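Trainee: sequence and computational prediction follow.
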2 protein chains.
Amino acid sequence: MLKIDPARLLKDLRHLRAFGANGPGVVRLSLSSVDMDARRWLAGRMNEAGLTATIDGVGTVFGRSRNAGPALLIGSHTDTQPTGGWLDGALGVIYGLEIARALAECEETRHFAVDVASWIDEEGTFSGFLGSRSFVGENVDGIVRGARDREGMLLADALQRAGLAGTPRVRVDETRHKAYLEPHIEQGGRLEAHGKSIGVVTTIVGIREMKLCFTGQRNHAGTTPMSIRRDAGAALVSFIARMDEAFRDIADADTVWTVGRIELDPGSFSVVPGKADMYLQFRDASAARLHAMDAALAALIRDFNAEGGVSVAMTDSEPPEAPVVMDAALQAHLADAAEALASGQWERMPSGASHDAQVIAHHVPACMLFVPSIGGVSHDFIEDTAEAHIVLGCEVAARAAATILRSLQA
Amino acid sequence: MLKIDPARLLKDLRHLRAFGANGPGVVRLSLSSVDMDARRWLAGRMNEAGLTATIDGVGTVFGRSRNAGPALLIGSHTDTQPTGGWLDGALGVIYGLEIARALAECEETRHFAVDVASWIDEEGTFSGFLGSRSFVGENVDGIVRGARDREGMLLADALQRAGLAGTPRVRVDETRHKAYLEPHIEQGGRLEAHGKSIGVVTTIVGIREMKLCFTGQRNHAGTTPMSIRRDAGAALVSFIARMDEAFRDIADADTVWTVGRIELDPGSFSVVPGKADMYLQFRDASAARLHAMDAALAALIRDFNAEGGVSVAMTDSEPPEAPVVMDAALQAHLADAAEALASGQWERMPSGASHDAQVIAHHVPACMLFVPSIGGVSHDFIEDTAEAHIVLGCEVAARAAATILRSLQA
């Protein structure tokens, strides 16, 4: 009978939390000294679990099962945000470790192959998703040479300092890796609001990020009548109102859009802004809806510029990221396991956040499982998940891992 | 026959322009080395004109007529903004110098007393209106000890460096100073738009400056559904829309309001802003209308906070400045002179910008005369006024000065 060990799971999660602990939270930036300590500890725990662990040439910790494939790969990340929580990423990696142990301890599953990964730099201290991108075969040499952290340190120098320069990089083996599972905290408040314990991810949403720059005429705020102003800030505000209306017509309940930053130039009480910038992001699980939002935005810009006065120009800040659909068969395994262990306590949902799974999914069928975040809080020291949910999530993931592996061997 | 000398006027204006010249503009910050050079030159020109010139303990250049009072005081400022124009302030001071000369050269007016002032720091390099505030008897000792420029230099140290420490400060003599005239460029585009050459100022508008701080909940921009967000930035944008509507209902054609700065916190693509600040300024010539706008704003804030979600709090950034009405009799002198020399080419108008006249007016009956600004541009290197307007403005001011002085002696 397959059974995870909740005490062992929680003990490892808490042990990992100590590397970079800061109050209830964690500061464990990729390739920092505490991050490397955590990676070496993790590799040791993998070896103790019977996996063959390595830290590869970019910093990914990879524990390979000694069993022959087909293998299920379970992974996430152990690096954190600058003000990170203790479970963001760490949860999925330690789930992988615990599931590998639990499967090995069970007569019926001990021949199954589970490889476990902690992908380097999911959070982008140097370059987001570096580990998973390298793993699927993207050429990251340019990133290694050019990427820097906030303090200006080159990734190449950080790897040198970590003793990883010249170490081989692990690569996906498409004859072995037949499925990928990434368990993760939800990082939002939906499961909690719905009173659910488990989320089965349908899609990782697509993202658009753009900057809109409004150009008017800078003027004295006392001597320039309203009637002749070309106020770039006022134009930006009215543009947002129109955009909200257009996006509301297109959106479903999961569509999100955010104006995260506004800058008026020169930015003083007494000057009518001559320039105004806004940073816009929108996300949706549907490629068609994202295209509709793109088109609505383009039409708004066209109309706005046709009116004269203040002009607006848009530039993409990041290349568009398309939605990534999770593998339907793997979703069914997760759903069956959730229904067996938490009947009625789970739901399907999109992931509004980005994950390594979206990189891996282009090469290996992939799925994700969510556990609730207390108060929906993440990327914050107070991020947390109820202990019962942590344990239940691992039980569901372990059960699904077993049925996935069984189906792979069939 | 009273007659100004246009060539002499323009020569002095151009000579003053050379102190701190930067392309077509001027950088002549209060008490800087070029500013002190300009003040010494100005004092010399005042002495040559028969005035008794001093540079006082805060830096004001004061040229006192040797004639007995009642005196007309003509003043403005020769310090500039960090990217200043050549006429902002300088025009009124050189007008005063030229009018003192012209009156002295005319048999009928040579006994009239015109005192001429260049008030220090109208532009607020250290503390705005320092010279006029000191002149009317405000205690500026605290400012002298505490005010600093952008580089952190104490005003007291700047005065020491300029050789002014310990020098007496000039004070208004209410038995002598019976009228104040401040000629100035308009700094807006109204005269130009109306095809007029002279503006007679009715009122210097009152000003309100406040900061509105919106507090919501910072959240992940991908995992937080629109329905549960408390987006401080979105709230700010919708508040501005409501405020615009409310202010439009109250405003007349001269009412102005400006959101000059918006800051969203933390200010990134991927985070729903938890805090948002806006800097608001509004100006009007009517105290009643300013009060109505205050009341409308307070009601909007009350309503907004009653709705829950995002809250908003307002703090005054500067004490409210009430509108300052120009003396009606002095306005009539300016209007008569304008009608005599530029029939149909002048109009009455409020001043949307602040001036030393608003400080002096509380102690001495005051008036202001405007000449057009090309393109309405000011506080910019390209600020300019047509030569014909510069000359006409001085002729009108001189004629009004003579009739004012005649009426004072009656």
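Mentor: Received, thanks.
Trainee: could you say which helix or strand contains the closest residue to chain B within the stretch 51-200 of chain A?
Mentor: Proximity of the stretch 51-200 of chain A to chain B (C-beta to the nearest C-beta) peaks at A:Gly188, 2.9 Å away. No exception for glycine: its C-beta is placed from N, CA and C like everyone else's. Using DSSP states H and E, A:Gly188 maps to neither a helix nor a strand.
Trainee: what is the burial count for it?
Mentor: Close neighbours of A:Gly188, defined as other C-beta atoms under 10 Å in any protein chain shown, add up to 27.
Trainee: could I get the buried residue list for stretch A:75-94?
Mentor: A:75-81, A:84-94 (16 or more other C-beta atoms under 10 Å in any protein chain shown).
Trainee: and those residues near chain B, which?
Mentor: Among the buried residues of stretch A:75-94, no residue is within reach of chain B (C-beta under 8 Å from any C-beta of the partner chain).
Trainee: and the one helix or strand A:Leu236 maps to, what does it pack onto?
Mentor: Using DSSP H and E, A:Leu236 sits within helix A:232-250. On a contact count with 3 or more C-beta pairs under 8 Å, 6 or more residues apart in numbering or on different chains; DSSP states H and E, helix A:232-250 meets strand A:206-215, strand A:256-265, strand A:275-284, helix A:287-306, helix B:232-250, strand B:256-265.
Trainee: indicate which one of these is closest to A:Glu318.
Mentor: Of all the helices and strands packed on helix A:232-250, strand A:206-215 sits nearest to A:Glu318, with 4.3 Å by C-beta to C-beta.
Trainee: partner strands of that closest one, with direction?
Mentor: According to DSSP bridges, strand A:206-215 has the following sheet partners: strand A:275-284 (antiparallel), strand A:311-321 (antiparallel).
Trainee: least reliable of these by average pLDDT, please.
Mentor: Least confident of the strands paired with strand A:206-215, judged by mean pLDDT, is strand A:311-321 with a mean of 94.
Trainee: could you pull out the helices for the stretch 51-200 of chain A?
Mentor: A:90-104, A:130-135, A:141-146, A:155-161, A:190-194 (DSSP state H, counting those that start in this stretch).
Trainee: pop the domain breakdown of chain A in here.
Mentor: A:6-205+A:323-409, A:208-321 (automatic domain parsing).
Trainee: ok, the nearest residue to A:Leu91 once chain neighbours are set aside - how many residues close by?
Mentor: Counting by C-beta to C-beta, 6 or more residues apart in numbering or on different chains, A:Leu91 lies nearest to A:Ile185, which is 5.7 Å off, once chain neighbours are set aside. A:Ile185: 31 surrounding residues under other C-beta under 10 Å.
Trainee: in contact with A:Ile185, which residues?
Mentor: A:85, A:87-88, A:91, A:370-373, A:378, A:383, A:385 (C-beta atoms under 8 Å, 6 or more residues apart in numbering or on different chains).
Trainee: ramachandran angles for A:Pro24?
Mentor: phi -80, psi -10 (degrees, to the nearest 10).
Trainee: so what pairs up with the closest residue to A:Ala322 other than its chain neighbours in the strands?
Mentor: In this structure, A:Ala322 finds its nearest non-sequential neighbour in A:Gly206, 4.8 Å apart by C-beta to C-beta, 6+ apart. Using DSSP bridges, the bridge partners assigned to A:Gly206 are A:Asp284.
Trainee: what's near enough to touch A:Gly206?
Mentor: A:283-285, A:287, A:290, A:320-324.
Trainee: so which bits of the stretch 301-410 of chain A are right by chain B?
Mentor: A:317-318, A:351-354, A:376, A:378-379.
Trainee: CSV for the residues you listed, including secondary structure and neighbour count?
Mentor: Shown next, in CSV, are these (DSSP: H, G, I helix; E, B strand; the rest coil; neighbours: other C-beta atoms under 10 Å in any protein chain shown):
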residue, secondary structure, neighbour count
A:Ser317, strand, 13
A:Glu318, strand, 11
A:Ser351, strand, 28
A:Gly352, coil, 23
A:Ala353, coil, 24
A:Ser354, coil, 21
A:Gly376, helix, 22
A:Ser378, coil, 27
A:His379, coil, 22
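Trainee: would you point out the most distant pair within those?
Mentor: The distance between the two most remote of those (C-beta to C-beta) is 25.5 Å, for A:Ser317 and A:Gly376.
Trainee: lowest average confidence, helix or strand, in chain A?
Mentor: One helix or strand of chain A scores below all others by mean pLDDT, DSSP states H and E: strand A:219-220, with a mean of 89.
Trainee: the helix of greatest length in chain A vs helix A:90-104, what angle?
Mentor: Under DSSP state H, the helix in chain A containing the largest number of residues is helix A:387-409. Comparing the axes of helix A:387-409 and helix A:90-104 via axes from the mean of the first three to the mean of the last three C-alpha atoms, to 10 degrees yields an angle of 60 degrees.
Trainee: from the chain's centre, how far out does helix A:387-409 sit?
Mentor: Distance, stretch centre to chain centre, for helix A:387-409: 21 Å (C-alpha atoms, centre = their mean, to the nearest Å).
Trainee: what sits against A:Leu300?
Mentor: So A:Leu300 contacts A:239, A:242-243, A:246 (C-beta under 8 Å, 6+ apart).
Trainee: filter these to the buried ones?
Mentor: A:239, A:243, A:246.
Trainee: in contact with the first one, which residues?
Mentor: Neighbouring residues of A:Phe239 by C-beta under 8 Å, 6+ apart: A:212, A:214, A:278, A:300, A:304, A:312.
Trainee: for the second one, same thing?
Mentor: With contact set as C-beta under 8 Å, 6+ apart, A:Met243 has these partners: A:257, A:280, A:296-297, A:300.
Trainee: chain B contacts on the stretch 51-200 of chain A?
Mentor: So the stretch 51-200 of chain A meets chain B at A:186-190, A:193 (C-beta under 8 Å from any C-beta).
Trainee: could the residues you listed go into JSON lines alongside pLDDT?
Mentor: Formatted as JSON lines, those follow (pLDDT from 0 to 100):
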{"residue": "A:Glu186", "pLDDT": "96"}
{"residue": "A:Gln187", "pLDDT": "94"}
{"residue": "A:Gly188", "pLDDT": "91"}
{"residue": "A:Gly189", "pLDDT": "90"}
{"residue": "A:Arg190", "pLDDT": "92"}
{"residue": "A:Ala193", "pLDDT": "92"}
